[in-house]
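[1] Build me a structure from this.
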Amino acid sequence: MAIAKRDEGKKVNSNINVTPMVDVMLVLLIIFMVITPMLENKVVVALPTVTSSVAMENANKEDSVMVAVTRDGKIFLGGDQIVVDSMGPAISAKLEKNPIKEVYLRADNRAQYGKVMDAIDGIRAAGVSQLALLTEKKDDAK
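    Numbering: from 1, shown residues only. Sure, this is the predicted structure:
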């Protein structure tokens, strides 16, 4: 009588399959690529709501110049706080390589009018040809 030997132990593959790990990493990369531009607006302001607003897709681009005026009157260029006197040169430096000199202003709904006008004056001192005021669209579901 012969003894039956099993050769199952010889079939074990000791190589690591990296395909599932690569799939997970690619999904994470796509998620971070989508989320990162949304994190660009570091300054939180409550934008005024209007009924007749125009969508401005260029405001969400990475190279767009964004000026924000908060409720307490602080002025931010991008995510950095800035004083009105140094706004002109700072905005000019950001617009050097951009042929369309357009700046987007995000002013809080409760900001003082004088502070908003100071920010606009600083933007105009940089030689900006187009200034866009960002707002929220009013919901018509009433």
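[2] Now do the strands in the chain.
    Secondary structure of the chain by DSSP state E: the strands cover 49-50, 65-69, 75-77, 80-82, 102-107, 130-133, 136-137.
[3] Would you map the helices across this protein?
    For the chain, applying DSSP state H gives helices covering 19-35, 87-94, 113-125.
[4] Quick one: mean pLDDT for the first one?
    For helix 19-35, the mean per-residue pLDDT is 91.
[5] circling back to that earlier point, would you mind giving the strands of the chain as JSON lines with mean neighbour count added?
    Every residue, glycine included, has its C-beta placed from N, CA and C. Output for the strands of the chain, formatted as JSON lines (neighbours: other CB atoms under 10 Å):
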{"stretch": "strand 49-50", "mean neighbour count": "12"}
{"stretch": "strand 65-69", "mean neighbour count": "23"}
{"stretch": "strand 75-77", "mean neighbour count": "21"}
{"stretch": "strand 80-82", "mean neighbour count": "13"}
{"stretch": "strand 102-107", "mean neighbour count": "21"}
{"stretch": "strand 130-133", "mean neighbour count": "14"}
{"stretch": "strand 136-137", "mean neighbour count": "12"}
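[6] Run a quick neighbour tally on Lys101.
    By other CB atoms under 10 Å, the residues close to Lys101 number 18.
[7] Output the below-cut-off pLDDT ranges for this structure.
    Where the chain drops to pLDDT under 70, the residues are 1-2, 4, 6-12, 37-41, 99, 140-142.
[8] on that earlier part again, including mean neighbour count, could the helices of the chain go into TSV?
    Below are these laid out as TSV (neighbours: other CB under 10 Å):
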stretch	mean neighbour count
helix 19-35	10
helix 87-94	16
helix 113-125	17
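[9] Rebuild these as JSON lines, extending it with distance to Asn60.
    Formatted as JSON lines, the helices of the chain follow (distance: least, CB to CB, whole Å):
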{"stretch": "helix 19-35", "distance to Asn60": "12"}
{"stretch": "helix 87-94", "distance to Asn60": "16"}
{"stretch": "helix 113-125", "distance to Asn60": "19"}
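[10] what about the strands of the chain, which gets the closest to Glu96?
    Nearest to Glu96 among the strands of the chain is strand 65-69 (11.0 Å), distances taken as CB to CB.
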